[in-house]
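Visitor: Sequence and computational prediction follow.
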Amino acid sequence: MEDHKKECIVCKRDEQQVPVTQFDYMGTRFWICSQHIPIIIHEPSKLIGLLPDADKINPAEDI
Ligand SMILES: [Zn+2]
């Protein structure tokens with residue numbers, strides 16, 4: 001499994017600056033900060049270009 005640097009895929013800040021959490025997608029490990037986790041949940045289309053095949057992630061239904 002490929003291991004990326006511990007920095008948020010969106011804002012590029014690392015774990016020295018913000019809390020970051022790791023997630024796995026398409027066989028690759030990524031990092032994202034607490035501030036940008038909601039993007040994965042609600043607006044994954046914003047990750048196109050940052051995450052491979054981000055266009056295949058369905059946003060959570062808004063309640
Ligand atoms: Zn971030």
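Guide: Received the coordinates, thanks.
Visitor: What is the burial count for F23?
Guide: By other Cβ atoms under 10 Å, 13 other residues sit near F23. For glycine as for every other residue, the C-beta is placed from the backbone atoms N, C-alpha and C.
Visitor: Just say helix, strand or coil for it.
Guide: strand (DSSP: H, G, I helix; E, B strand; the rest coil).
Visitor: mind listing what it touches?
Guide: The contact partners of F23, taken as Cβ atoms under 8 Å, 6 or more residues apart in numbering, are R29, F30, W31, I32, I40.
Visitor: surely the first one meets Q22?
Guide: Yes. At 5.7 Å, R29 counts as touching Q22 under the criterion of Cβ atoms under 8 Å.
Visitor: And the closest residue to L50 other than its chain neighbours, how close does it get to E43?
Guide: Closest residue to L50 apart from its sequence neighbours, by Cβ to Cβ, 6 or more residues apart in numbering: I9 at 4.9 Å. Computed as Cβ to Cβ, to the nearest Å, the I9 to E43 distance reads 14 Å.
Visitor: out of the two, which sits in the busier spot?
Guide: Neighbours per residue (other Cβ under 10 Å) separate I9 from E43, with I9 holding more: 21 against 13.
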